[in-house]
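Novice: need a structure here:
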Amino acid sequence: MGRVDRSAAPGWIALLLATASVGIANSVVFSLLSDLQDSYGFGDAGLGFIAGAGMAVGFVSQLVLAPFADRGHSKRLLLGGLVAALAGSVMFAASSTLIGLVIARAIVGLSNGLFLPAARAIAASMSPDRVGERLGTLGGVELAGFVTGPVVGAVLVGPLGVRWPFLVCGMFALVALLALARQQLPSPPIAAQASRLSLDLLRVREMQVGVLLTMALFFPVGMYDAILDRYMTDRGASNVLIGIGFLMYGIPFALLATTGGRLADRHGAYRMSMVSLVLVVPLTAVYGLLTAPLLIASLFAVEGSVQALGVPATQAYVAQSAPHGRASAAQGLSGAMNLLGGTVSAVAAPAIYGAWGAAAVFGAAGALVGVAGVVAASIHRGSVLTTTVQPQP
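Specialist: All right, here's what the predicted structure looks like:
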């Protein structure tokens with residue numbers, strides 16, 4: 001009998017559509033912040049409040065809410081995430097005050113905390129021998145949606161005004177909600193004691209390794225969010241080229257993430273994670289030595305390809321390291337720690353850039369990735385020795 005094609009698992013296409021819509025809803029605001037400020041007249045600090053609200057809520061919700069999927073509520077969390085994406089988008093369109101916009105961003109940020117850990121847990125449970133491939137495809141679609149959101153905002157804000165981009169993204173979430181609600185999705189294994197929060201998983205040594213690996217690849221992302229626009233502008237890049245640079249990162253990642261996941265399934269998630277980390281360290285550091293905007297944008301494509309190799313592998317390693325029935329909690333813990341690490345690098349990067357320049361900030365980010373990788377490798381080696389070396393009688 002030939003191999004059964006399990007790529008068409010129940011609800012897989014609807015899950016991918018929903019993942020893209022959540023990414024779009026969460027990112028559309030990034031190309032509209034200056035328009036919102038000009039339209040409603042709040043100060044520069046308001047930009048940070050709006051952006052930070054989504055990250056803060058995402059951090060807390062992934063720790064607190066993700067374990068509910070391990071109690072058999074994974075589909076409810078998915079649908080709740082889509083409802084939050086829809087409601088937050090509508091509130092963005094309806095708000096004209098800073099507090100309203102901050103609340104809207106918090107609601108949209110909640111959609112990530114509700115949706116993504118459960119979606120990753122479901123994807124990992126669909127095909128036990130293709131965990132990396134499933135998570136790679138899901139991650140590629142997630143990033144494709146995240147990259148598409150700012151494009152939707154930039155294209156629509158001119159002819160339609162600042163409200164309609166949010167409404168259009170809300171419509172995407174509504175379509176995905178209706179499509180996913182009709183599907184019979186597989187449920188991840190349910191834990192015997194699934195009421196615990198995600199943080200208790202840090203007692204598991206291999207989960208410590210998985211969290212460090214995912215955080216290591218996410219450290220540069222927080223830095224890029226904070227200073228990439230300033231860095232490229234200082235080197236003479238136009239807004240168009242900066243936007244193209246983001247696409248040059250996102251498109252290779254979206255196209256290659258499934259392949260990266262397959263490599264993790266074939267050669268081992270830990271091994272492919274470490275290969276990616278070894279490559280990301282010098283790639284991150286070298287940005288600070290470049291001065292030509294076109295060369296910098298070209299390097300984005302290289303880094304996007306390398307991240308596509310590593311991110312699915314790190315997520316697969318987290319899935320494989322999770323205790324039975326704790327898949328969603330593990331993904332929630334990983335996602336929350338990524339946001340925490342990204343926040344630290346985003347806060348520190350502007351100060352380092354202003355004081356010591358590009359070489360220092362990118363070099364420090366590369367070093368941080370390397371340190372996290374070394375610590376992860378040390379814990380992993382200790383764990384392997386503990387499980388393989390038996391005491392002599």
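Novice: wait, isn't Ser27 in contact with Val151?
Specialist: No: taking contacts as Cβ atoms under 8 Å, Ser27 lies outside contact range of Val151: 9.3 Å. From N, CA and C alone the C-beta is placed, and that goes for glycine too.
Novice: which one's more surrounded, the two?
Specialist: Neighbour comparison, Ser27 and Val151: the larger count goes to Ser27, with 22 against 17 (by other Cβ atoms under 10 Å).
Novice: if I look at the more buried one, how far off is Arg130?
Specialist: 28 Å (Cβ to Cβ, to the nearest Å).
Novice: likewise Leu138?
Specialist: Going from Leu138 to Arg130 by Cβ to Cβ gives 12 Å.
Novice: what is the burial count for the closest residue to Ser345 other than its chain neighbours?
Specialist: With Cβ to Cβ, 6 or more residues apart in numbering as the criterion, Ser345 has its nearest non-adjacent residue at 3.7 Å, and that residue is Gly222. Neighbour count for Gly222, taken as other Cβ under 10 Å: 23.
Novice: quick one, helices of the stretch 101-250 of the chain?
Specialist: Shown for the stretch 101-250 of the chain, the helices assigned by DSSP state H, counting those that start in this stretch span residues 131-160, 164-181, 205-234, 239-267.
Novice: let me have the ones you listed in TSV, extended by mean pLDDT and distance to Ile107.
Specialist: Shown next, in TSV, are these (pLDDT from 0 to 100; distance: least, Cβ to Cβ, whole Å):
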stretch	mean pLDDT	distance to Ile107
helix 131-160	87	16
helix 164-181	95	11
helix 205-234	86	20
helix 239-267	87	25
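Novice: Leu340 is nearest to which of these?
Specialist: Closest approach to Leu340 among the helices of the stretch 101-250 of the chain (Cβ to Cβ): helix 205-234, 7.9 Å.
Novice: which strands or helices does that closest one pack on?
Specialist: helix 239-267, helix 269-286, helix 293-321, helix 327-356, helix 358-388 (3 or more Cβ pairs under 8 Å, 6 or more residues apart in numbering; DSSP states H and E).
Novice: hmm, 6 Å instead?
Specialist: Applying 3 or more Cβ pairs under 6 Å, 6 or more residues apart in numbering; DSSP states H and E, one finds that helix 205-234 contacts helix 269-286, helix 293-321, helix 327-356, helix 358-388.
Novice: what residues sit buried inside it?
Specialist: For helix 205-234, the neighbour count (16 or more other Cβ atoms under 10 Å) marks 205-229, 231-232 as buried.
Novice: how distant is it from the center of its chain?
Specialist: How far helix 205-234 lies from its chain's middle: 10 Å, per Cα atoms, centre = their mean, to the nearest Å.
Novice: relative to helix 327-356, how tilted is it?
Specialist: Angle, helix 205-234 to helix 327-356, by axes from the mean of the first three to the mean of the last three Cα atoms, to 10 degrees: 40 degrees.
Novice: domains of the chain?
Specialist: The chain breaks down into these structural domains: 10-186, 200-393 (assignment by automatic domain parsing).
Novice: distance across the first one, terminal residue to terminal residue?
Specialist: If I follow you right, that is domain 10-186. This stretch, domain 10-186, spans 7 Å end to end (Cα to Cα, to the nearest Å).
Novice: quick revisit: can I get the helices and strands packed on helix 205-234 in CSV with mean pLDDT?
Specialist: Listed next are the helices and strands packed on helix 205-234 as CSV, based on pLDDT from 0 to 100:
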stretch, mean pLDDT
helix 269-286, 95
helix 293-321, 92
helix 327-356, 85
helix 358-388, 86
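Novice: and of these, who's closest to Val102?
Specialist: So among the helices and strands packed on helix 205-234, helix 327-356 is nearest, using Cβ to Cβ, at 16.6 Å.
Novice: got the angle for that closest one vs helix 358-388?
Specialist: Per the same axes, to 10 degrees, the angle that helix 327-356 makes with helix 358-388 is 150 degrees.
Novice: tell me the buried residues in helix 327-356?
Specialist: Neighbour-count burial for helix 327-356, counted by 16+ other Cβ under 10 Å, picks out 327-339, 341-343, 345-346, 348-349, 352-353.
Novice: what about Asp44, how many residues nearby?
Specialist: 7.
Novice: please name the nearest non-neighbouring residue to it.
Specialist: The nearest residue in space to Asp44 (Cβ to Cβ, 6+ apart) is Gln37, at 7.8 Å.
Novice: helix or strand for the one you found, just tell me which one.
Specialist: Using DSSP states H and E, Gln37 maps to helix 33-40.
Novice: chain center to that helix, what's the gap?
Specialist: Using Cα atoms, centre = their mean, the offset of helix 33-40 from its chain centre is 26 Å.
Novice: and if you look at stretch 21-30?
Specialist: For stretch 21-30, the distance to the chain centre is 12 Å (Cα atoms, centre = their mean).
Novice: show me which residues of that stretch are buried.
Specialist: For stretch 21-30, by 16+ other Cβ under 10 Å, it's Ser21, Val22, Gly23, Ile24, Ala25, Asn26, Ser27, Val28, Val29, Phe30.
Novice: so Ala226 is in contact with Val347, correct?
Specialist: No: the criterion here is Cβ atoms under 6 Å, and Ala226 misses it with Val347 at 7.5 Å.
Novice: give me the contacts around the helix holding Gln37.
Specialist: For helix 33-40, contacts defined as Cβ atoms under 6 Å, 6 or more residues apart in numbering pick out Leu47, Ser96, Val157, Val162.
Novice: contacting residues for Ala179?
Specialist: Neighbour list for Ala179: Ala14, Leu17 [criterion: Cβ under 6 Å, 6+ apart].
Novice: please apply the same query to Arg205.
Specialist: Ile379, Ser383.
Novice: for Tyr231, same thing?
Specialist: Ala358.
Novice: ok, now how distant is it from Ala308?
Specialist: In terms of Cβ to Cβ, Tyr231 sits 23 Å off from Ala308.
Novice: likewise Ala297?
Specialist: For Ala297 relative to Ala308 (Cβ to Cβ), the value is 17 Å.
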